[in-house]
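Student: Okay, predicted coordinates and the sequence, questions at the end:
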Protein chains: 2
Amino acid sequence: MSGDAKIIEVLKDAGLRPTKQRICVGRLLFTGKHQHVSADRLQLQIRELGQKMALATIYNCLHQFHKAGLLKKVNAVNDVIMFDTNLSYHHHFLNVDTGELTDINKEAVSIAGLPSLPDGFEALSMELTIRVKPQI
Amino acid sequence: MSGDAKIIEVLKDAGLRPTKQRICVGRLLFTGKHQHVSADRLQLQIRELGQKMALATIYNCLHQFHKAGLLKKVNAVNDVIMFDTNLSYHHHFLNVDTGELTDINKEAVSIAGLPSLPDGFEALSMELTIRVKPQI
DNA sequence: GGATTACTTTAAAACCATTCTAAACCGATT
DNA sequence: AATCGGTTTAGAATGGTTTTAAAGTAATCC
């Protein structure tokens, strides 16, 4: 109940009513430390806090946050929709065993010589995924 | 029924029995022209040929071909598993409206300065996806 | 403040791509 | 022809996500 004022502000600015549920999710997401979340995982975190929330609500929330530009949608991984609190342009390692994503430091990779787009198309975003797995 | 000999050869070499179904799918896939297919789309193509095949069979086929190294699995798009007949390292445009993938000429992009992997991990593959949409 | 209105949450059902199951079906080999 | 292993298949099951319709909550207006 402490730093909620900031989250309420963010929600209002995004044109979203600061409901109990959206504040709860916001509190979990906007901690300052970037993370990659699925609806499922988020529900677990909420349960661990002793609260409960319908999965549908969590999906609603995530989609609304995304639409409001508070979250980025990442390529689905293992049939699961993932959202990223890191809004800036960056790339990912994908652990194929667990589906876990890890940010790649933007400076660590440089992509040069962008190809010309198909006629009549515009680019929305671009993402490099490096699939990795634990060494045996 | 003409160039089936070649496909039968490919299947045998991959350790797969050249069944009617696998030959049929092979004929559609290994035309020389690279393509991106989903099970669903493949079933449509088969129907257009006046034949029919259980979806489960098509999935089996695609997974077996993948395991045998005849197909590449591409990042799922719109919750649909996509396979790519282009086995070489390359990147994709993704039409977010339709889910359609288009190969990016390998020479058109250069990725430099690969980031160091997390400790204890090895890289399997890497793919750049450029999300595009038709201009209004 | 109380009533009204619009938006939200929810449980449960529906959805849909994919996988599983278990029975029927080859196809090669004796 | 009989057999044996892999294969196909329809239909059921699965699992993540979305929809539905009813109950709940927040904002607005008087």
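Tutor: Perfect, thanks for sending it. Numbers count the residues shown, from 1 in each chain, chains lettered A, B, ... in the order given.
Student: I'd guess A:Ser125 is in a helix, am I close?
Tutor: No: residue state for A:Ser125 (DSSP: H, G, I helix; E, B strand; the rest coil) corresponds to strand; a helix is not indicated.
Student: so does the helix or strand of chain A with the lowest mean pLDDT get close to chain B?
Tutor: Ranked by mean pLDDT, DSSP states H and E, the weakest helix or strand in chain A is strand A:72-77, scoring a mean of 85. Yes: using C-beta under 8 Å from any C-beta of the partner chain, strand A:72-77 reaches chain B at A:75-76. (C-beta placed from N, C-alpha, C; glycine too.)
Student: Go ahead and name everything in contact with stretch A:4-12.
Tutor: By C-beta atoms under 8 Å, 6 or more residues apart in numbering or on different chains, the surrounding residues in contact with stretch A:4-12 are A:17-18, A:22-23, A:26-27, A:30, A:70.
Student: thinking again about what came up before, give the next helix or strand downstream of the least confident helix or strand of chain A.
Tutor: Using DSSP states H and E, the next helix or strand after strand A:72-77 towards the C-terminus is strand A:80-84.
Student: That following strand pairs with which strands, parallel or anti?
Tutor: For strand A:80-84, sheet partners with direction are given as strand A:36-37 (antiparallel), strand A:72-77 (antiparallel), following DSSP bridges.
Student: Is it possible to get those out as JSON lines so that each row also shows mean neighbour count and distance to A:Ala108?
Tutor: As requested, the strands paired with strand A:80-84 are exported to JSON lines (neighbours: other C-beta atoms under 10 Å in any protein chain shown; distance: least, C-beta to C-beta, whole Å):
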{"stretch": "strand A:36-37", "mean neighbour count": "20", "distance to A:Ala108": "18"}
{"stretch": "strand A:72-77", "mean neighbour count": "18", "distance to A:Ala108": "18"}
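Student: what's the closest of those to DNA strand C?
Tutor: strand A:72-77 (10.3 Å; C-beta to the nearest atom of the strand).
Student: right, is that closest one up against DNA strand D?
Tutor: Yes: looking at strand A:72-77 against DNA strand D by C-beta under 7 Å from any atom of the strand, the contacts come from A:Ala76.
Student: got it, and stretch A:18-28?
Tutor: Yes: for stretch A:18-28 and DNA strand D, the contact criterion (C-beta under 7 Å from any atom of the strand) is met by A:18-20.
Student: Noted, bye for now.
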